[in-house]
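Novice: What follows is a protein structure lacking sequence information:
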């Protein structure tokens, strides 16, 4: 999720880090509650636009149920912009769109995946239950509906 209020990128998944340092601490969420931070490091994602993006200083917070991309941190990249318009958010570097999202119920969901998930997905068929647990956003019936509505690829 692209979060304009977050001060840091956050992930609950330790497996997504390409480098990692254990650091205990607390992170205050938007509802003023605090959750435990277990570490910090870099996470590499691949956007639907085909760009590989390395996010630095990503906090590992196991108790959150989704990944957060902090707009504040994206703007710190030289030439970085985040544009919100027409139900979409776009992350640009020097004017070039490197990642985009869609809006659903006032939240912006980035169309990207951690490189570790992509490598794993190539070798293992992932069930709808696992995807729901990883992202915690859509119901099983909505996922099944989206899956059945997706167009068949040629030759399948």
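Specialist: Yep, that arrived. Because the structure is a prediction, the values reported are computed rather than measured.
Novice: where's the residue positioned nearest the centre of the chain relative to residue 52, distance?
Specialist: Centroid check for the chain by C-alpha atoms, centre = their mean gives residue 67 as the closest residue, at 4.5 Å. For residue 67, the distance to residue 52 equals 16 Å [C-beta to C-beta, to the nearest Å]. Yep, even glycine has a C-beta here, placed from its N, CA and C like the rest.
Novice: returning to that earlier point: check contacts around the residue nearest to the centre of the chain.
Specialist: Each residue near residue 67 by C-beta atoms under 8 Å, 6 or more residues apart in numbering is listed here: 1, 9, 10, 11, 12, 13, 16, 114.
Novice: can we see that at 10 Å?
Specialist: Residues near residue 67 by C-beta atoms under 10 Å, 6 or more residues apart in numbering: 1, 3, 9-13, 16, 43, 45, 55, 58, 61, 110, 112-114, 134-135.
Novice: Could you do residue 19 as well?
Specialist: Neighbours of residue 19 in contact, by C-beta under 10 Å, 6+ apart: 40, 41, 42, 43, 54, 56.
Novice: Buried subset of those residues as a ChimeraX selection?
Specialist: Per 16 or more other C-beta atoms under 10 Å, the buried members of the contacts of residue 19 correspond to this ChimeraX selection:
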select :40,41,43
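Novice: Widest-spaced pair of the contacts of residue 19?
Specialist: Pairwise distances across the contacts of residue 19 (C-beta to C-beta) peak at 13.9 Å, for the pair 40 and 54.
Novice: still on that earlier bit, of the contacts of residue 19, the lowest pLDDT goes to which?
Specialist: Ranked by pLDDT, these bottom out at residue 54 (87).
Novice: What helix or strand is that residue located in?
Specialist: Assessed by DSSP states H and E, residue 54 sits inside strand 52-60.
Novice: and residue 96, how many neighbours does it have?
Specialist: By other C-beta atoms under 10 Å, 11 other residues sit near residue 96.
Novice: need the contact list for it.
Specialist: Shown in contact with residue 96 (C-beta under 10 Å, 6+ apart): 49, 51, 79, 81.
Novice: ok so, going back, filter the contacts of residue 67 to the buried ones?
Specialist: Buried, going by 16+ other C-beta under 10 Å: 1, 3, 9-13, 16, 43, 45, 55, 58, 61, 110, 112-114, 134, out of the contacts of residue 67.
Novice: These in strands, which ones?
Specialist: Within the buried ones among the contacts of residue 67, residues falling in strands by DSSP state E are 3, 10, 11, 43, 45, 55, 58, 110, 112, 113, 114.
Novice: Before I go, just wanted to say thanks for your time.
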